[in-house]
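J.: Predicted structure and sequence below. I'll ask about it afterward.
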There are 2 protein chains.
Amino acid sequence: DASRDVDESIIEKFLAELDTNQLKENLRELTKVPHMATTSGDEATVDFMLKRWQDPNTGLDSAWREDYKVYLSFPNKTITWFQNSSNEKLFHLREKVYKPDQEDPEVVQPFAAYSPAGNVKGKLVYANQGKMSDYELLNTTLDLRGTIAITRYGGEGRSKKAINAARFGIVGVLVYTEPYDMNDGLVSESETYPHSWYLPPSGVERGSYNIDFGDLLTPYLAAKDDTYRIPKEDITGIPPIPAQPIGFEDAERLICELDGDDAPDEWQGSLNCIYKLGGPGFKATSTFSNSNVHLDIYNTERLEYSANVMGIIRGSVEPDRYVIYGNHRDSWVHGAIDPSSGTAVMLEITRVLGKMVKEGKWRPRRSIIFGSWGAEEFGLIGSAEYTEEYFSKLSERTVAYINVDISVFANATLRASASPAAQSVIFTASKQVNAPGTTTTVYENWKQYSNRTSPNYGIIPNVGFLTGAGSDYAAFMHYLGITSMDISYYYDRSKTRARIYPAYHTAYDTFDYASTYIDPGFTSHQAVARTAGNVLLRLADSLLLPFNCSDYAESLEQYLSQAVTAFEEKLAAKGISMESLKKAVQLFRDTATKLDRVIRDSDLAKETPLKARQINDQLMLLDRAFLDPLAFPEQYGFRHVIWASKSSSVPTFPGLADAVEKAESTGLKEDWDQAHKHISIVTQAIAGAAHTLDDVI
Amino acid sequence: DASRDVDESIIEKFLAELDTNQLKENLRELTKVPHMATTSGDEATVDFMLKRWQDPNTGLDSAWREDYKVYLSFPNKTITWFQNSSNEKLFHLREKVYKPDQEDPEVVQPFAAYSPAGNVKGKLVYANQGKMSDYELLNTTLDLRGTIAITRYGGEGRSKKAINAARFGIVGVLVYTEPYDMNDGLVSESETYPHSWYLPPSGVERGSYNIDFGDLLTPYLAAKDDTYRIPKEDITGIPPIPAQPIGFEDAERLICELDGDDAPDEWQGSLNCIYKLGGPGFKATSTFSNSNVHLDIYNTERLEYSANVMGIIRGSVEPDRYVIYGNHRDSWVHGAIDPSSGTAVMLEITRVLGKMVKEGKWRPRRSIIFGSWGAEEFGLIGSAEYTEEYFSKLSERTVAYINVDISVFANATLRASASPAAQSVIFTASKQVNAPGTTTTVYENWKQYSNRTSPNYGIIPNVGFLTGAGSDYAAFMHYLGITSMDISYYYDRSKTRARIYPAYHTAYDTFDYASTYIDPGFTSHQAVARTAGNVLLRLADSLLLPFNCSDYAESLEQYLSQAVTAFEEKLAAKGISMESLKKAVQLFRDTATKLDRVIRDSDLAKETPLKARQINDQLMLLDRAFLDPLAFPEQYGFRHVIWASKSSSVPTFPGLADAVEKAESTGLKEDWDQAHKHISIVTQAIAGAAHTLDDVI
Ligand SMILES: [Ca+2]
Ligand SMILES: [Ca+2]
Ligand SMILES: [Zn+2]
Ligand SMILES: [Zn+2]
Ligand SMILES: [Zn+2]
Ligand SMILES: [Zn+2]
């Protein structure tokens, strides 16, 4: 029946079936062994996903694997050492064993993926977060050439810490987890895991040290066997000098021995000393006196086959419309929280939906595609290659992408980032789910923790913008322009300063950690499964897509207002007007209102199904209308003119913000011209999107 | 009724109503005065189009104008002269008057639009067609630095004749119409217009001397008042040195006085002398002896408002699907054939359709958009700006674009170039129209004049590929990836060598010329109106879009076979395999066959309208799937990986062909890498398109 709408009783049944025990057992199974991309542990999870999705009673219509041949980086006995009297090898190749999990030989030693191999040495300096401004400050008093910098995580991208450093002649970079930032200042073993959720002194945050996402050798081309690969020398966005992450136990030995001036107050941390900048190098009184720090990195890069596992439920009415739900499968170590908490949720959703399908009780209006992406940790590779290979088909037909990576950071509140079009469906879903540990809904609870005042709705939960490339939504939102969202349960920001859950990307992110400290009852996992699953069902089953274009208008108005406040005077002084942009935003508002009215005044169940399809196409393609493949020529995959990543801190249109920032710093006419150009680009994109909301002819 | 299909009785009625007298009167009205873009004559045609399309009895649902502020080039008393004894001003600022039309003060003097202004002089050389190979040949014996080159039209783009010249130090370029190429060798006034269709000795082909299409200051941005404009210095693809077109009367005086060696046989022509290369400069015995040729060009560039006139007929069932039919409105002078023969056809089609709509007898299933584009002669500007402004809306919804510019070159046969998807509907339409002056159909007549052997169909008329940017289809086909076609009536290639109809872009392209020598009874106009109009109705009214994806497969196989023949060995020698490309083409063939079977096995009138829509979306978006906005970064607007323009003469995938050509000439590893890259690009595009034809899920 083409006029079939979402069935609330199906949603209720679905919500009721999502089971905390199943979630827990999913997580236990997924985290038995480390499953870094393309390792034997990863292969085991591929088999597990396939077994579940091909289960005759609870599986999907079909499931299969798709492999890409991708460029990965692996460590090999990297060591960092001091040239002190005994040539001491100081740094730990493994994190300390507290539980059997850490003993697994498959635990990969901490490393900075895509750091070049190399043996470098130099006097040490402390460079805070490794931002350009940090190095500039150091550079006013120190000659940084030939030094090694120790930096802390946060404030700047991993790779940028090294890229920035190299511009000052620094030859190697260490990156450590500062307990002030991650452990609320706690440093002792008795206060950290396994005694709390905090990171033990030897814990090291692994990570991919790159800027671009997707396989680095095959931008815009799916990485098949005989796909053209760019020369390795042409890869951009990876460290030009060796880099290595370390734990704060090791960092303390280094930082607390440094010579030189006191570091600024904001650079201080919780290690047991006053942080100094370095002589460069250590204090004369240190046992390391006069030592160089050596960084011997033996990373190697290899092409490996990485699998996406795909599963589908065929739509009954509009099989050619896709709702995609995904998460990566690969972890750095056991990855209980990142990503297996999300995979556990995805598997529980597919179990319940699969059962309904197999029992003949339900089939969605639209098709649902589930993706278990490979090699996300190395740079969102599996999802990016998938979007490259199926670009046209996905662009034409995909209604939305739902990403649930880390599903539970903590137990306090829902967190969501999304295209503004999806705000309303997330709200609808979150109003139908009880918040664990409360007597209220996920929606009301969320509103207490994080809210904003909307001109239209008053106080509502704050849905973040999907401006970065932090997980697999990036290729869908930025490259394909598909309305996307990223959903998780999160902590109470007033209770901790932790940058992220403290075991992130370490050997302590295990089932024991997750089930002891993160979500013992798996009720937050359940709340996320219910909320994200509810969104999924509404997107798949609603006669009219539950997207709201007026909410989009509100976000554009917010961005416009920020742009006017921050830039209008400066631009006017250069003869550049913002009027066209204002008019475009107004046109968008007007046409959004018009489409809302058409929707309100239509009784679609009584019209030809083509009428609903027409409006749905307008809604489905709304985010697509903001794409401009030439707007950001330097940034792989960023085509969405509104949400692209930017370096400026002004929360507004990214191309304009970055162009003005650059023009102000250089003062060059040609850079102000670029600001003008970016006004024209975003104006045309917004007006072009508005035209798609207007009367169709 | 959502399952309504095309009504053959409506088509018959439509064909019968198309009237030769109306066509003739349209042409008479359109060609009363010269109507170069943005002149008062152009404004008059805007008013005329609006009046016709807003007519209460025969007009469209609505019609309006849309203006862009575009960068145009105008002449100003340009002269070319010799520094002989009397400093003779040789060249004619106006073409000779044979009829009152040539006396109109609004006849623009011959010029090379976008040639820079400048006063240059130098000794003359004859450079054939101004190809790189022509200048290279000259350069083996002559020092070209500081010379002026005289070249003939044809063989190379207008602008490239000057761009190529500048690379050899040549300081100015003259371009003339060679009577061998255009007049079948005839040169005397008694044998040329007004005594025949041939070009009189003083006739000069005007033209735009640029490579890129669209407004040159606003690539990818619609040229509104405050749109960012690139600096004029950054315009690429226009002559770096002054250029000027002249007639063969003037050319003869120059070429026949040249000194130096005899030009090669293939460089000779029909002027009354042996063509020589130039000393450089003239023979000692010439009255010009030792003279420099002076080129004093006073072209000026201005921003002017150019109008598109738009008109629509709203679709009844799928208003959000567009069939676009267009032609430019602007001419160089009176433009009877170029473009008014096409505009006359468009107006006759809209008259008949408008009448049926106004009388309530018919309304198309899909919406029809008519576009009367401005400033095409300067570089397809109106249509390109339109596609830039409405990029998203048009990409999402446009089923096809039909271009009828010059509708009648001559009376012999239909000519069509198109995306292969549209071959079948053009055939269907052409079988329902009688060929003027014959007892057969347009289809059968066409097959006699131009045919090929199709593996699938046997001998069929030859539909050309839309590989260039010769008229307003360019932005639709290449930039938007919309299935496009270009239709006209053409001459018998065995009867004339004329590059194009001889009055092309001259002051002789008048109503008198057209109605005396091109199509006196307007029956060829009528045949084109009937064929193109029939195609339009089928695209607008068919329940299932009349596109054929297996015909597309045949074209891809043809291209593949050419590529294998020309390149496979050379590539293999460099370790580059074509297997992935072969597999992609095979996959395309397989999925096309599969979709054809789905279509054959469906009784769409009995299914939900969403089933037809699903297949129609697959067909509508087929050409879109071949777009890659990064495949040809140097060429504005060329995004279609199969049909993009190329410089190689191998009739195959353009990116690959050009890359191999370059790699062979340089021998560089990095250039062979680019060939590999282009195999990957075209492979991914074809496989991606194949995925869209496969089962939708
Ligand atoms: Ca890739
Ligand atoms: Ca433009
Ligand atoms: Zn993750
Ligand atoms: Zn991660
Ligand atoms: Zn034309
Ligand atoms: Zn023309």
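T.: Alright, I've got the coordinates. Ligands and ions are numbered 1, 2, ... in the order given.

J.: Go through stretch A:189-207 and flag the buried ones.
T.: Of all the residues in stretch A:189-207, those buried under the rule 16 or more other CB atoms under 10 Å in any protein chain shown are A:192-193, A:196-207. In short, each C-beta sits where N, CA and C put it, glycine included.

J.: I meant to write stretch A:570-580 there.
T.: By neighbour count on 16+ other CB under 10 Å, the buried set for stretch A:570-580 is A:Leu571, A:Ile576, A:Met578, A:Ser580.

J.: quick one: which of those sit in helices?
T.: Within the buried residues of stretch A:570-580, residues falling in helices by DSSP state H are A:Leu571, A:Ser580.

J.: quick one: which of the buried residues of stretch A:570-580 is nearest B:Tyr473?
T.: For the buried residues of stretch A:570-580, the residue nearest B:Tyr473 by CB to CB is A:Ser580; the value is 29.4 Å.

J.: Might one say that that closest one is in contact with A:Ser680?
T.: Yes. The criterion here is CB atoms under 8 Å, and A:Ser580 meets it with A:Ser680 at 7.3 Å.

J.: what is in contact with the two at once?
T.: Counting by CB atoms under 8 Å, 6 or more residues apart in numbering or on different chains, the common neighbours of A:Ser580 and A:Ser680 are B:Asp226, B:Thr227.

J.: ok, the residue in the stretch 451-600 of chain A that ligand 3 sits nearest to - contacts?
T.: Going by CB to the ion, ligand 3 is nearest to A:Ser471 of the stretch 451-600 of chain A, at 5.5 Å. Going by CB under 8 Å, 6+ apart, A:Ser471 touches A:His328, A:Glu376, A:Leu380, A:Asn403, A:Asp405, A:Asp486.

J.: That one and A:Asn327, how far apart?
T.: 8 Å (CB to CB, to the nearest Å).

J.: Could you tell me how many residues sit around A:Asp694?
T.: Counted with other CB atoms under 10 Å in any protein chain shown, residues neighbouring A:Asp694 total 16.

J.: my guess is it contacts A:Lys594, does it?
T.: Yes. Applying CB under 8 Å as the test, A:Asp694 and A:Lys594 come out as touching, 6.6 Å apart.

J.: thinking again about what came up before, which neighbours do A:Ser471 and A:Asn327 share?
T.: Joint contacts of A:Ser471 and A:Asn327 (CB under 8 Å, 6+ apart) are A:Asn403, A:Asp405.

J.: Buried residues in stretch A:152-171, which are they?
T.: For stretch A:152-171, the neighbour count (16+ other CB under 10 Å) marks A:152-166, A:168, A:170-171 as buried.

J.: Can you verify my assumption that A:Thr523 contacts A:Thr438?
T.: No. If you go by CB under 8 Å, A:Thr523 and A:Thr438 don't touch, sitting 10.4 Å apart.

J.: more crowded one of those two?
T.: A:Thr523 (18 against 13).

J.: For the more buried one, give its distance to ligand 1.
T.: As for A:Thr523, its distance to ligand 1 is 39 Å (criterion: CB to the ion, to the nearest Å).

J.: what residues are up against that residue?
T.: By CB under 8 Å, 6+ apart, the residues touching A:Thr523 are A:Thr20, A:Asn411, A:Pro436, A:Gly437.

J.: Select from those every entry located in helices.
T.: In this view, the contacts of A:Thr523 that belong to helices under DSSP H are A:Thr20.

J.: filter the contacts of A:Thr523 to the buried ones?
T.: Applying 16+ other CB under 10 Å to these, the neighbour count classes A:Thr20, A:Asn411, A:Pro436 as buried.

J.: who touches stretch A:22-35?
T.: The list of residues contacting stretch A:22-35 from outside it, by CB under 8 Å, 6+ apart, reads A:40-42, A:44-45, A:48, A:104, A:106-108, A:329-336, A:340-341, A:343-345, A:347-348, A:351, A:510-511, A:514-515, A:522, A:525-526, A:529.

J.: need the residues of chain A near ligand 1, please.
T.: Within chain A, the positions near ligand 1 by CB under 5 Å from the ion are A:Gly214, A:Asp215, A:Thr218, A:Ala223, A:Glu388.

J.: Between the residues you listed, identify the one with the most neighbours.
T.: That'd be A:Gly214 among these, by other CB under 10 Å, with 32 neighbours.

J.: so who does that one touch?
T.: Counted by CB under 8 Å, 6+ apart, A:Gly214 has contacts A:Gly379, A:Leu380, A:Ile381, A:Ala384, A:Glu385, A:Glu388, A:Ala475, A:Tyr636, A:Gly637.

J.: looking at this, it is in a strand?
T.: No. Assessed with DSSP: H, G, I helix; E, B strand; the rest coil, A:Gly214 is coil; it does not lie in a strand.

J.: Can you identify each of the strands in the stretch 151-300 of chain A by residue range?
T.: A:172-176, A:207-208, A:243-246, A:293-297, A:300-313 (DSSP state E, counting those that start in this stretch).

J.: okay if I get these as CSV plus mean pLDDT?
T.: Output for the strands of the stretch 151-300 of chain A, formatted as CSV (pLDDT from 0 to 100):
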stretch, mean pLDDT
strand A:172-176, 97
strand A:207-208, 98
strand A:243-246, 95
strand A:293-297, 90
strand A:300-313, 98
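
J.: Residues of the stretch 101-250 of chain A that sit close to chain B?
T.: Contacts of the stretch 101-250 of chain A with chain B, taken as CB under 8 Å from any CB of the partner chain, map to A:Tyr220, A:Leu221, A:Ala222, A:Lys224, A:Asp225, A:Asp226, A:Thr227, A:Tyr228, A:Pro231.

J.: closest to B:Val323 among the residues you listed?
T.: Once CB to CB is applied, the member of these that ends up nearest B:Val323 is A:Tyr220, at 31.8 Å.

J.: in chain A, what residue is nearest ligand 1?
T.: Across chain A, the shortest distance to ligand 1 (CB to the ion) belongs to A:Thr218, at 3.3 Å.

J.: what about that residue, distance to A:Gln684?
T.: According to CB to CB, A:Thr218 and A:Gln684 sit 30 Å apart.

J.: How about A:Ala429?
T.: Going from A:Ala429 to A:Gln684 by CB to CB gives 34 Å.

J.: Could you give the average pLDDT over the helix or strand hosting A:Arg600?
T.: Secondary structure assignment for A:Arg600, by DSSP states H and E: helix A:579-601. Helix A:579-601 carries an average pLDDT of 98.

J.: Any idea which helix or strand in chain A has the lowest mean pLDDT?
T.: strand A:79-82 (a mean of 67; mean pLDDT, DSSP states H and E).

J.: Dihedrals phi and psi, the residue lying closest to A:Lys662 once chain neighbours are set aside?
T.: For A:Lys662, ignoring the flanking residues on the chain, the nearest one in space by CB to CB, 6 or more residues apart in numbering or on different chains is A:Asp671 at 5.2 Å. Dihedral pair for A:Asp671: phi -80, psi -30, per degrees, to the nearest 10.

J.: again with A:Asn327
T.: Taking degrees, to the nearest 10, you get phi -160, psi 160 for the backbone angles of A:Asn327.

J.: What is the burial count for it?
T.: Neighbour tally, A:Asn327, other CB under 10 Å: 27.

J.: and the helix or strand hosting A:Tyr325 with ligand 3, contact?
T.: For A:Tyr325, the host element (DSSP H and E) is strand A:318-328. No. Strand A:318-328 lies out of reach of ligand 3 by CB under 5 Å from the ion, never closer than 5.6 Å.

J.: Now do the same contact list for A:Gly169.
T.: Going by CB under 8 Å, 6+ apart, A:Gly169 touches A:Leu144, A:Arg145, A:Gly146, A:Thr147.

J.: please redo it, this time with the cut-off set to 10 Å
T.: Counting by CB atoms under 10 Å, 6 or more residues apart in numbering or on different chains, A:Gly169 touches A:Gly122, A:Tyr135, A:Asn139, A:Asp143, A:Leu144, A:Arg145, A:Gly146, A:Thr147, A:Ile241.

J.: Many thanks, I have nothing further to ask.
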